[in-house]
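**Q** sequence? don't have it. structure:
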Ligand code: AGP
């Protein structure tokens, strides 16, 4: 996600902000920029990473500066879309983290009133709105503009002639740091910690005015007191939001990720090529491939759209006869196999749709149309929140295609994720941590969830794990079942309950330790299993999400118990850009 950082105090403002932006790098970003205020306002911004050397800030003199790391949501990553954004006069500079949901309406109105826009971002409207009301008092101008903004924001603004930084917050974290002779404002504590441990966390609706020696906070125009905290955390603690690993942080981000993915998609027009798709081929790798397998069940069962799912690495060399829409699914948007598969589909004149997390990535540039997951940057190599965001996108598509068929799930599934996050998995972890092999089994759409559970377990804990369609175990893998080989089985109410229960009994007869995820009042499964995990909302699509979260946490805690390098498993890369 984007990060903002501002400083007011001594004369090295721009270089302090540049160093602070480096501390925000962990949030993920595709471009960066700084505005510094001295006698005049200077801006430098650029697509790409902050270079170790060669980014010249000598022209950015002044004792106040604001900076930004951008993770593109509105407009591709390029120099122009990088923040800060300026008004028409070049006197007002704004950086922003969040989404201005009504920016399109505001932009149209501003253009009608003669404002010239340079970027495709939502943020630029803020600078032009401030321009309209600015009469030499920046806090007054920002306060006047905020009621027009719908959405989330952590905003920092500077204006030529006004020696203050104005910071405003709504649904996007903004922290003020209080130093001996300097003040700071940032998206989180990370860039502030090396300067001061005295912090104030702003609340929604707060506007903070940072002058060289004082900070004043108002809400709705009236002054408010916000408690100052002395933060004891290390920089590393803060980067992970208090979680020990990014993987755990990203797992816990998922209720919000699911809701945000749905919110963002509901504000978008669905590309025509998906509405008209008579037949669909889906290509993806790894976790995205498992998500695609869930998508196939949804498309076929709910929409009666025939769908075929291919691992992109296979499709590349053994392409099936192609007809209809080809969908590429990728968190990074850079996976070489998925990119090549989509290139081949285009070469055969098939319409292509990308479902991607990273805006401006190669796959989005190639595809005819793109839908975004809006999951924010995923840092841990093991994909977690992107899988949940992918499911949110699929449910939304099915919902639109079937006239509201998944509206209930889209509005409530985050609750299932929240409940799953509260479960105590200690007995299940104890069952897994000493195993050398684990099987994960499910049926129907829970089969890909089992595949994903096994992938998470093997890549984080290094325990050999296999996902199977439950009925397949007796066709060979049964030879491996023993008291040393745990099986994680998902057994939910519905058509396959009876046959799944029989499969589980067959495994029990082989002495296998059984971890069963089932409906919470399922007495049979409680009795037969060694560890029973009640599945929140087992009977609905939300059960897919809660089972996913349980699988992720089981893998995480097992890997943690074994002391693995959880965020950077051996031999793996986050983005696989080679075939
Ligand atoms: C999953 O935990 C892995 N990191 C990996 O399987 C990943 O899902 C795969 O490489 C595909 O990545 P993509 O979604 O960025 O294309």
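**A** Looks like it arrived, so ask away. For clarity, every value in this text was computed on a predicted model and none was experimentally measured. Numbers count the residues shown, from 1 in each chain.

**Q** mind jotting down where the strands sit in the stretch 201-350 of the chain?
**A** 206-211, 214-219, 222-223, 229-230, 280-284, 307-311, 325-330 (DSSP state E, counting those that start in this stretch).

**Q** redo the ones you listed as JSON lines? Include mean pLDDT.
**A** Rendered in JSON lines, the data for the strands of the stretch 201-350 of the chain read as follows (pLDDT from 0 to 100):
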{"stretch": "strand 206-211", "mean pLDDT": "97"}
{"stretch": "strand 214-219", "mean pLDDT": "96"}
{"stretch": "strand 222-223", "mean pLDDT": "96"}
{"stretch": "strand 229-230", "mean pLDDT": "86"}
{"stretch": "strand 280-284", "mean pLDDT": "97"}
{"stretch": "strand 307-311", "mean pLDDT": "96"}
{"stretch": "strand 325-330", "mean pLDDT": "97"}
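
**Q** any chance of CSV for the ones you listed, columns distance to residue 446 and mean neighbour count?
**A** For glycine as for every other residue, the C-beta is placed from the backbone atoms N, C-alpha and C. Formatted as CSV, these follow (distance: least, C-beta to C-beta, whole Å; neighbours: other C-beta atoms under 10 Å):
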stretch, distance to residue 446, mean neighbour count
strand 206-211, 45, 22
strand 214-219, 47, 16
strand 222-223, 53, 7
strand 229-230, 44, 10
strand 280-284, 19, 27
strand 307-311, 16, 19
strand 325-330, 19, 30
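
**Q** and those: which comes nearest the ligand?
**A** strand 325-330 (3.2 Å; C-beta to the nearest ligand atom).

**Q** what sits up against that closest one?
**A** Strand 325-330 is contacted by residues 273-274, 276-277, 279-285, 288-289, 291-292, 295, 312, 338-339, 341-342, 345, 350-357, 361, 363, 367, 390 when judged by C-beta atoms under 8 Å, 6 or more residues apart in numbering.

**Q** how about a cut-off of 6 Å?
**A** Identification of contacts with strand 325-330 by C-beta atoms under 6 Å, 6 or more residues apart in numbering yields 273, 277, 280-284, 288, 292, 338, 342, 345, 350-356, 363.

**Q** note down every partner strand of it and its orientation.
**A** Here strand 325-330 is paired, per DSSP bridges, with strand 280-284 (parallel), strand 352-356 (parallel).

**Q** dump the ones you listed into TSV; add distance to residue 124 as well.
**A** Listed next are the strands paired with strand 325-330 as TSV, based on distance: least, C-beta to C-beta, whole Å:
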stretch	distance to residue 124
strand 280-284	34
strand 352-356	24
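
**Q** residue 62 is nearest to which of those strands?
**A** strand 352-356 (38.7 Å; C-beta to C-beta).

**Q** how about the following helix or strand past that closest one, does it get close to the ligand?
**A** Scanning forward in sequence from strand 352-356 by DSSP states H and E, the next helix or strand is helix 362-366. No. Judged by C-beta under 6 Å from any ligand atom, helix 362-366 makes no contact with the ligand; its nearest approach is 8.0 Å.

**Q** so which elements touch helix 362-366?
**A** Helix 362-366 is packed against helix 336-347, strand 352-356, with contacts defined by 3 or more C-beta pairs under 6 Å, 6 or more residues apart in numbering; DSSP states H and E.

**Q** go through those and name the closest to the ligand.
**A** Closest among the helices and strands packed on helix 362-366, once you apply C-beta to the nearest ligand atom, is helix 336-347, at 5.3 Å.

**Q** for the ligand, what are the nearby residues on the stretch 351-500 of the chain?
**A** Listed as neighbours of the ligand in the stretch 351-500 of the chain under the rule C-beta under 6 Å from any ligand atom: 381, 382, 383, 459.

**Q** so which of those would you say is closest to residue 64?
**A** Nearest to residue 64 out of those is residue 381 (C-beta to C-beta; 38.9 Å).

**Q** pick out the residue of the stretch 51-200 of the chain closest to the ligand.
**A** In the stretch 51-200 of the chain, no residue comes nearer to the ligand than residue 71, which is 15.2 Å away by C-beta to the nearest ligand atom.

**Q** cool, the stretch 1-150 of the chain as well?
**A** Residue nearest to the ligand within the stretch 1-150 of the chain (C-beta to the nearest ligand atom): residue 28, separated by 12.9 Å.

**Q** and the residue of the stretch 451-579 of the chain found nearest the ligand, what element?
**A** Distances between the stretch 451-579 of the chain and the ligand by C-beta to the nearest ligand atom are smallest at residue 576, namely 4.6 Å. Residue 576 is part of no helix or strand, with elements assigned from DSSP H and E.

**Q** check the gap between it and residue 63 for me.
**A** From residue 576 over to residue 63 the distance is 46 Å, taken as C-beta to C-beta, to the nearest Å.

**Q** equivalent analysis for residue 433, please.
**A** For residue 433 relative to residue 63 (C-beta to C-beta), the value is 55 Å.

**Q** tell me which of the two has more neighbours.
**A** A direct count of neighbours by other C-beta atoms under 10 Å for residue 433 and residue 63 places residue 63 higher, at 19 against 16.

**Q** list the contacts of that one.
**A** Neighbour list for residue 63: 10, 11, 13 [criterion: C-beta under 6 Å, 6+ apart].

**Q** most neighbours out of those, which is it?
**A** When these are compared by neighbour count (other C-beta under 10 Å), residue 13 ends up highest, at 28 neighbours.

**Q** show me how this structure divides into domains.
**A** The chain breaks down into these domains under automatic domain parsing: 3-234, 240-561.

**Q** burial count for the residue of the stretch 351-500 of the chain found nearest the ligand?
**A** Nearest residue of the stretch 351-500 of the chain to the ligand: residue 383, at 3.8 Å (C-beta to the nearest ligand atom). Summarising burial for residue 383: neighbours were counted as other C-beta under 10 Å, giving 28.

**Q** state the distance from it to residue 532.
**A** 28 Å.

**Q** quick one: residues contacting residue 339.
**A** By C-beta under 6 Å, 6+ apart, the residues touching residue 339 are 362, 363.

**Q** in the helix or strand of the chain with the lowest mean pLDDT, what counts as buried?
**A** Lowest by mean pLDDT, DSSP states H and E among the helices and strands of the chain is helix 235-239, with a mean of 76. If you call a residue buried by 16 or more other C-beta atoms under 10 Å, then helix 235-239 has these buried ones: 237, 238, 239.

**Q** then stretch 306-322?
**A** Those would be 307, 308, 309, 310, 311, 312, 313, 315, 316, 319, 322, for stretch 306-322 by 16+ other C-beta under 10 Å.

**Q** ok, now stretch 465-476?
**A** For stretch 465-476, by 16+ other C-beta under 10 Å, it's 465, 466, 467, 468, 469, 470, 473.

**Q** then stretch 182-192?
**A** Within stretch 182-192, the residues that count as buried by 16+ other C-beta under 10 Å are 182, 183, 184, 185, 186, 187, 188, 189, 190, 191, 192.

**Q** among those, name the ones in strands.
**A** Of the positions in the buried residues of stretch 182-192, 183, 184, 185, 186 sit in strands, assigned by DSSP state E.

**Q** hmm, back to that, tell me who's in contact with the residue of the stretch 451-579 of the chain closest to the ligand.
**A** Counted by C-beta under 6 Å, 6+ apart, residue 576 has contacts residue 335.

**Q** can you name the residues in contact with stretch 283-297?
**A** Identification of contacts with stretch 283-297 by C-beta under 6 Å, 6+ apart yields 282, 307, 309-312, 315, 328-330, 335, 337-338, 341, 383, 387, 390, 394, 445, 448, 451-452.

**Q** so is it next to the ligand?
**A** Yes. Against the ligand, stretch 283-297 shows contacts by C-beta under 6 Å from any ligand atom at 285, 286, 287, 288.

**Q** quick one: which of the residues you listed sit in helices?
**A** If you go by DSSP state H, the residues of stretch 283-297 next to the ligand have 286, 287, 288 in helices.

**Q** can you tell me which of those residues has the most neighbours?
**A** Top of those by neighbour count (other C-beta under 10 Å): residue 288, with 26 neighbours.
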